[in-house]
Each structure stands twice: as structure tokens, then as C-alpha cells.
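Trainee: Give me the fold of what follows.
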Amino acid sequence: MRVRARVAYLGVDFHGFAENPGVTSVAGEINKAITLVAGEPVSVTCAGRTDKGVHAVGQVVSFDIPDHISLERLALSVNSQCGPSVLFTDLEIVDKNFDARFSAVSRTYSYRILNSRDLDPFLADRAWHISDELDVDSMQKASSYLIGEHDFSSFCKKPKLKSGDTVSLVRHVNSAEWNSISETDLFFEICASSFCHQMVRSIVGTLVDVGLGKIPCDDMPRIITLSDRQAAGRIAPPHGLTLLSVKY
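Mentor: From the prediction side, this is the model:
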């Protein structure tokens, strides 16, 4: 039977989601845990591969296991083996055609910034600390230019391809907005059909440069149009990024 599971994890101790021999990864730990219960090799498919240090509260995976296995027993076993850094928060049997990656219609990420003079030890691995004051209004205006369908080459790490192969970096952004729960605790939330490698972190880094006055907010359309990674700002560190949810 095919199973869909929602997964939460703290990315600090992992070298990304994807299984990678020789390093500890989220998928590697999950695969080992499920395989132990299933009694046969199991490999999960995820909605979006997160980089080293990136977190998730709503990652989604799909995988096949023997029909006789109880989902309740599976969840308890996986959480016992992988928790508290990685946890299954929901499991259900789905149609065999369901694929966590290709069936998804959108993903939503959040990026957290601590904009204060002083560090917060409880946010050291959850938020990017920026001590200089940010102009959030300018950052929000710049964010509005991201909405819609664009070639996001200026914000994506170019994929390594075989000679002659091409890949589209065109994506459709549904929403992009800054919010705050206090004057110093800022959240950037962005929803898109899908994201290319380092897209959200590159966007955040560019928006922070806007907020610091290094890039005019009205330069965002030009940066997008240039389709040149050198035209955009820095890449934000991974630990402020969280995959919030996936829509199907």
C-alpha cells in the first residue's frame, strides 16, 4: 500500500533531506526506521528536498509498505527511532498514483529573522540574527514584484546538467509577505508552485539587502529580468528557513 506522511524535523543536525552516503540525512534516518518495521527496503519520496540546516513542520513524504503493517505501529516506531529531531505527525493510505513530489500543487516556506541588537540563544538555530535595523516596508514592496510567473534564475543555484541538457527555472509565486509577532521577530512567508535550489534563501538575502538600503526596492523587477545570479543579493543562512506546508 502507498502511504502519505507529514514530517516535522529540526534540520540542524542533518546534511539536508536527501539520503546521502556517509552523512546523516533526514531521508536516510526515515528510510532506516521504516525499513526496520517493513522488513524490506523502503525509500521515501519527498515534496521538496531541503538543504543542510533547513527545518520543516509540514514536509510530506510518500512510500510503499506491505499491506499488513499498521500505520499506528509504524508511526510509533519511526518516532521512537528518529525522534525528537524527526517525527511523523500524520499518516494515511493514499491512491497508488499519489506522489509526494509530483502530485503537489504548491509549497509554502517561512524564513525567520531576529532583527535586534542582541542575540537570543533560544533562536540561535532557528532565525537569522541581523543587528542593523531593517526597513520592512521597503522589503514588503520589493516582495510584491516576486508574485506571478517569472524566470527566477537570478535567485537559483544553476543545476549541474549533462552537456546539451536544459532546465527551466520559471516558477509561479502565489504570495510573498512579511509579518511579525514583535518589532524584532520577523517572518517572510512565500508560497509557489515549486522552488528551485536556494531560491527562497537567495530571495530573502536580497530582500534583507533592500531592508538595509543596499539595494533599492524598485530594483527587484530589473534583478528578476536579468536572470543573473550575480545581480541579486546574498544567500541567507539555512537555519532561518522552514518548510511550512505542501498543498495537493
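Trainee: Look at the most far-flung residue of the chain relative to its centre and give its secondary structure.
Mentor: With Cα atoms, centre = their mean as the measure, the chain has its most outlying C-alpha, relative to the mean C-alpha position, at H68: 33.1 Å. Assigned state for H68: coil (three-state reduction, DSSP: H, G, I helix; E, B strand; the rest coil).
Trainee: Pull up the gap between it and L226, please.
Mentor: Remark: distance between H68 and L226 (Cβ to Cβ, to the nearest Å) = 56 Å. Using the backbone N, CA and C atoms, a C-beta is placed for each residue, glycine as well.
Trainee: same deal with V204?
Mentor: The value you get for V204 to L226, if Cβ to Cβ is used, is 19 Å.
Trainee: So which of those two has more stuff around it?
Mentor: When V204 and L226 are compared for neighbours, V204 comes out ahead with 27 against 14, by other Cβ atoms under 10 Å.
Trainee: helices and strands around whichever strand or helix holds the more buried one, which ones?
Mentor: V204 is located in helix 199-211, with elements delineated by DSSP states H and E. The criterion is 3 or more Cβ pairs under 8 Å, 6 or more residues apart in numbering; DSSP states H and E, and the helices and strands that helix 199-211 contacts are strand 106-114, helix 136-144, strand 185-192, helix 220-226, strand 241-247.
Trainee: Could you give the separation of it from the chain centroid?
Mentor: Between the centre of helix 199-211 and the centre of its chain there are 15 Å (Cα atoms, centre = their mean, to the nearest Å).
Trainee: want to throw the helices and strands packed on helix 199-211 into CSV with distance to D209 and mean pLDDT?
Mentor: Below are those laid out as CSV (distance: least, Cβ to Cβ, whole Å; pLDDT from 0 to 100):
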stretch, distance to D209, mean pLDDT
strand 106-114, 13, 98
helix 136-144, 9, 98
strand 185-192, 13, 98
helix 220-226, 10, 97
strand 241-247, 17, 98
